[in-house]
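**Q** I would like the atomic coordinates for the input below:
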Amino acid sequence: MGELRRAGFTRRLPFELSELHGPAHGTVSLPLHLAWSGLTEFDLGRPRLRMSCYRILLAEGQHDDLVHYLNRERLIAIWPVLRTLISRDIRDVWESAFGELTPSLTAQAT
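**A** Here you go, the predicted model:
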């Protein structure tokens, strides 16, 4: 079952992190197909809400959602913590695809 889940997450990935042009600041309103339970608006200036927003996007987002809502610099900056809050399947897929997210490199970037 894990391989099937990982394949699904892999199909959604952007080709490169540079495609992630989402907002770095302000409030993000996620559509119901992403945030179907609980909050739908996230103030990116508040760390907990930013983490929640990114967790939802990584778990539920399709390719177009990821490139529209995720921000490359924000993702890299919060990855060391975010990676501990998401499933192993999601973490492995993203870290395998994008060297910038490997734990040793993100630790050096901060």
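**Q** any weak-confidence spans in this protein?
**A** In the predicted model, the chain carries pLDDT under 70 at residues 1, 105-110.
**Q** If you count residues, where's the longest helix of this structure?
**A** With secondary structure taken from DSSP state H, the chain has its longest helix at helix 47-60.
**Q** Can you pull out the residues in contact with it?
**A** By C-beta atoms under 8 Å, 6 or more residues apart in numbering, the residues outside helix 47-60 that reach it are 28, 30, 33-35, 39, 42-44, 65-66, 69-70, 74-75, 78, 81-82, 85-87, 90, 94. Every C-beta, even on glycine, is put in place using the N, C-alpha and C of the backbone.
**Q** Report the next helix or strand after that helix in sequence order.
**A** From helix 47-60 onward toward the C-terminus, using DSSP states H and E, the following helix or strand is helix 63-69.
**Q** List of residues touching that following helix?
**A** By C-beta under 8 Å, 6+ apart, helix 63-69 touches 11-14, 19-23, 28, 30, 34, 53, 57-58, 61.
**Q** let's go with 7 Å and repeat that
**A** Helix 63-69 is contacted from outside by 12, 14, 19-22, 28, 30, 34, 57, 61, using C-beta atoms under 7 Å, 6 or more residues apart in numbering.
**Q** Now tabulate the residues you listed in a markdown table and tack on secondary structure.
**A** As requested, these are exported to a markdown table (DSSP: H, G, I helix; E, B strand; the rest coil):
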| residue | secondary structure |
| --- | --- |
| R12 | helix |
| P14 | coil |
| E19 | helix |
| L20 | coil |
| H21 | strand |
| G22 | coil |
| V28 | strand |
| L30 | coil |
| L34 | coil |
| L57 | helix |
| G61 | coil |
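**Q** Apply the buried test to these and list what passes.
**A** Among these, those scoring as buried are 12, 14, 20, 22, 28, 30, 34, 57, 61 (criterion: 16 or more other C-beta atoms under 10 Å).
**Q** In space, what's closest to the last one - neighbours in sequence excluded?
**A** For G61, ignoring the flanking residues on the chain, the nearest one in space by C-beta to C-beta, 6 or more residues apart in numbering is L34 at 6.0 Å.
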